[in-house]
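> Quick one, structure for this:
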Amino acid sequence: MASARMPEEFFDIVAHHLPPDEPVGPDGGRPRVSNRCVMKVLWYVLATGCRWRDVPTEMGCCGETARSRLRLWEEAGIWARLHVDLLGLLRRDGELEHDTAIVDAVLIRAHGGGDKTGPNPADRGKPGTKQTLMVDKGGAPLAIRTAGANASDHTQILPLVALAFPQVAGRPGRPRKAPDTVYADAGYDSEATRSLLRHLGIEPRIRRRGTVHGSRLGRIRWVVERTISWFKGLRRMRVRYDRSEDIMEAWKSLAMSVITFRLWHHDLAPAS
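Predicted coordinates:
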């Protein structure tokens, strides 16, 4: 989905969130790897899925340096702010429709296990992670919640919608704190979930288990499946190699930022 080469326009947006490059001190020494160089490596690893140790040396930054910077910037909250900033650009241009939220999940294999993993029921009990994704009506990623692969879908939707919904600026007025309507498939069917969503002022449109197809909810829900395919186009998101939760959180936010940037940049097909 994404080229292995980072667009300069993307770095121009990221640069506002990154700490300034450190100059060489008065005693000289080897200069610190620049932010631009690190971001090129992070984009490359995200797009190609290569291992840290396989980063080409000609890129000017080794994989270990890039991973260290990825974690450092995650701890500083940079990736989350970048994602919300890019959503703000979509909203400014009238291309964010987050009054409606659509939720679905994808299971990914976790080589070697790690934080927030569990036996994957769809992969013979091998370690895996469930990524529950929330998008707007056009497919822009709003938030992702991570859990073990064996976590029930209906236990993930409420924390995602109620706690992880981003407050996006970009236009006059207070940012929206929650969607008006949430769409989801039958995996999220739960009367308790519906009641709590209504209590929060959110109308649940969740297909009931055992009902025949023909609810026409799929005309709205299909965009989340397309966004999941965009995530899988970023090869680092297909299989989980990193064991620590902070690295996974960083990859998630960076992947959402890349997809949001490409939507804003009109590199991806809009919903129709």
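> so Glu74 touches Ala250, yeah?
Yes: using Cβ atoms under 8 Å, Glu74 is in contact with Ala250, at 3.7 Å. For the C-beta atoms, the positions are set from N, CA and C on the backbone; glycine is no exception.
> Comparing the two, which residue is more hemmed in?
Legend: neighbour count by other Cβ atoms under 10 Å for Glu74 and Ala250, higher for Ala250 (24 against 21).
> and that one, what does it touch?
70-71, 73-74, 79 (Cβ atoms under 8 Å, 6 or more residues apart in numbering).
> now stretch 237-256: mean pLDDT?
Mean pLDDT, computed over stretch 237-256, is 94.
> go on, stretch 133-143?
97.
> end to end, how far does that stretch reach?
Its first and final residues considered, stretch 133-143 spans 6 Å by Cα to Cα, to the nearest Å.
> which SS class is Arg91?
helix (DSSP: H, G, I helix; E, B strand; the rest coil).
> Please tell me how far it sits from Ala169.
Distance, Arg91 to Ala169, using Cβ to Cβ, to the nearest Å: 7 Å.
> what's the single longest strand in this protein?
strand 100-110 (DSSP state E).
> Tell me the secondary structure at Gly128.
strand.
> where along the stretch 151-272 of the chain do the helices fall?
For the stretch 151-272 of the chain, the helices defined by DSSP state H, counting those that start in this stretch cover 154-163, 191-199, 218-233, 245-264.
> Check those for me and report the most buried one.
helix 245-264 (a mean of 23; mean count of other Cβ atoms under 10 Å).
> Pull the distance from it to the chain's centre.
For helix 245-264, the separation from the chain centroid amounts to 4 Å (computed by Cα atoms, centre = their mean, to the nearest Å).
> show me what contacts the nearest residue to Gly63 once chain neighbours are set aside?
Excluding the flanking residues, the one nearest Gly63 by Cβ to Cβ, 6 or more residues apart in numbering is Trp52, at 3.0 Å. Going by Cβ under 8 Å, 6+ apart, Trp52 touches 45, 63-64, 66-67.
> Can you tell me which of these are buried?
Buried subset of the contacts of Trp52 (neighbour count, 16 or more other Cβ atoms under 10 Å): 45, 63, 66-67.
> Let me know the closest of these to Val135.
Comparing the buried ones among the contacts of Trp52 against Val135 with Cβ to Cβ places Val45 closest, at 24.0 Å.
> Surely the closest one is within a helix?
Yes: Val45 forms part of a helix when assessed by three-state DSSP.
> Identify the residues contacting it.
Residues near Val45 by Cβ under 8 Å, 6+ apart: 52, 55, 63, 66, 236.
> would you turn the residues you listed into a markdown table with secondary structure and distance to Leu96?
A markdown table is the format used below for the contacts of Val45 (DSSP: H, G, I helix; E, B strand; the rest coil; distance: Cβ to Cβ, whole Å):
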| residue | secondary structure | distance to Leu96 |
| --- | --- | --- |
| Trp52 | helix | 34 |
| Val55 | coil | 34 |
| Gly63 | helix | 34 |
| Ala66 | helix | 30 |
| Arg236 | helix | 25 |
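> Same list, the helices of the stretch 151-272 of the chain, but as TSV with distance to Val106 please.
Below are the helices of the stretch 151-272 of the chain laid out as TSV (distance: least, Cβ to Cβ, whole Å):
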stretch	distance to Val106
helix 154-163	12
helix 191-199	20
helix 218-233	5
helix 245-264	12
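> Out of the ones you listed, which gets nearest to Val14?
helix 245-264 (8.0 Å).
> Just the angle for that closest one relative to helix 218-233, thanks.
Here helix 245-264 points in a direction 120 degrees away from that of helix 218-233 (axes from the mean of the first three to the mean of the last three Cα atoms, to 10 degrees).
> I'd like to check the angle between helix 245-264 and strand 100-110, please.
Going by the same axes, to 10 degrees, helix 245-264 makes 130 degrees with strand 100-110.
> Comparing Arg91 and Ala169, which residue is more hemmed in?
Set side by side, Arg91 and Ala169 show more neighbours around Arg91, with 21 against 14, by other Cβ under 10 Å.
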